[in-house]
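Q: just to be clear, the model below is a prediction. Sequence and coordinates:
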Amino acid sequence: MRVGFIWAFLMTGAVWAAPLPQPINCDGHPFELNPKGKIMILLASSQPLADTTREFGSSLYGWQGRDGFRVTVVVDLRKSLGTLFKAWTLGTMKANLDEEGIQIQPWYRANGNLGNPRPDLCAIADFDGKVTDALGWGNDENKMKVAIFGKDGEKVWNSTNAQSPAPMLKEVQKLLGQPIAKPKNAEPRKSRILKLRS
């Protein structure tokens, strides 16, 4: 009987797992990482991963603007000088989201969404690594990590060493169907912040 109880406890361990933290995003608002009713894609980023994160994020544009679909970037800043200049770091992240809001507007329109994309865009400055750790992503800032949560708030897919966007896109397609083709008026824009740094 005792062995059976222990086995049952182990089998239900996942249900008893601690809930994910609700960090403050770069806009200063509490943020839910796995909200009910939305398909949430969480992308890792760091200084070494900046270009890779952009590649993964832009590969999801075909679904941007669809109801209940969100993409959030979790920036691991534990090894970054950004921890010493938090206000500047947050300001840079907000400016980049402002730029992306303009960039993805054609995708929103092509998906039938006439709203402003900017309120849907989110980035989290993970200064202490608590969000990264809670997601089980480890501390290797050179490896691309992705997590996908379904509308029930449960994780449906995760990678701690994603080599390309292809597997992620396959999973998103299962949840949302085919993405739209690139709109004719969708032109790549480089962030003003990035231009200043290049």
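A: Good, I have the coordinates. Fair warning: this is a prediction, and the values are worked out from it, not measured in the lab. Residues are numbered from 1 along each chain as shown.

Q: check which residues of stretch 167-176 are buried.
A: For stretch 167-176, the neighbour count (16 or more other C-beta atoms under 10 Å) marks Met168, Leu169, Glu171, Val172, Leu175 as buried. From N, CA and C alone the C-beta is placed, and that goes for glycine too.

Q: any idea how far it is from the chain center?
A: Offset of stretch 167-176 from its chain centre (C-alpha atoms, centre = their mean, to the nearest Å): 14 Å.

Q: list the contacts of that stretch.
A: Residues outside stretch 167-176 that contact it (C-beta atoms under 8 Å, 6 or more residues apart in numbering) are 39, 41, 56, 59-60, 63, 66, 69, 146, 148, 150, 156-157, 159, 162, 179.

Q: among these, name the buried ones.
A: Looks like these have 39, 41, 56, 59-60, 63, 66, 69, 146, 148, 150, 157, 159, 162, 179 buried, using 16+ other C-beta under 10 Å.

Q: mark which of those are part of strands, please.
A: Ile39, Ile41, Phe69, Val146, Ile148, Trp157, Ser159 (DSSP state E).

Q: would CSV of the residues you listed with pLDDT and distance to Gly138 be doable?
A: Output for those, formatted as CSV (pLDDT from 0 to 100; distance: C-beta to C-beta, whole Å):
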residue, pLDDT, distance to Gly138
Ile39, 98, 24
Ile41, 98, 19
Phe69, 98, 27
Val146, 98, 13
Ile148, 98, 18
Trp157, 98, 17
Ser159, 98, 12
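
Q: pull the most distant pair out of those.
A: With C-beta to C-beta as the measure, no two of those lie farther apart than Phe69 and Ser159, at 18.8 Å.

Q: would you list every one of the strands in this protein?
A: Assigned by DSSP E, the strands in the chain fall at 39-45, 69-76, 122-126, 146-149, 155-159.

Q: the second one - contacts with which helices or strands?
A: When you say that, I think you mean strand 69-76. strand 39-45, helix 50-58, strand 122-126, helix 130-134 (3 or more C-beta pairs under 8 Å, 6 or more residues apart in numbering; DSSP states H and E).

Q: how about a markdown table for the ones you listed, with distance to Leu77 added?
A: Below are those laid out as a markdown table (distance: least, C-beta to C-beta, whole Å):
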| stretch | distance to Leu77 |
| --- | --- |
| strand 39-45 | 9 |
| helix 50-58 | 12 |
| strand 122-126 | 6 |
| helix 130-134 | 10 |
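
Q: return the set of buried residues in the longest helix seen in the chain.
A: Ordering each helix of the chain by length in residues (DSSP state H) puts helix 86-103 first. Buried residues in helix 86-103, counted by 16+ other C-beta under 10 Å: Thr89, Leu90, Thr92, Met93, Lys94, Ala95, Asn96, Leu97, Glu99, Glu100, Gly101, Gln103.
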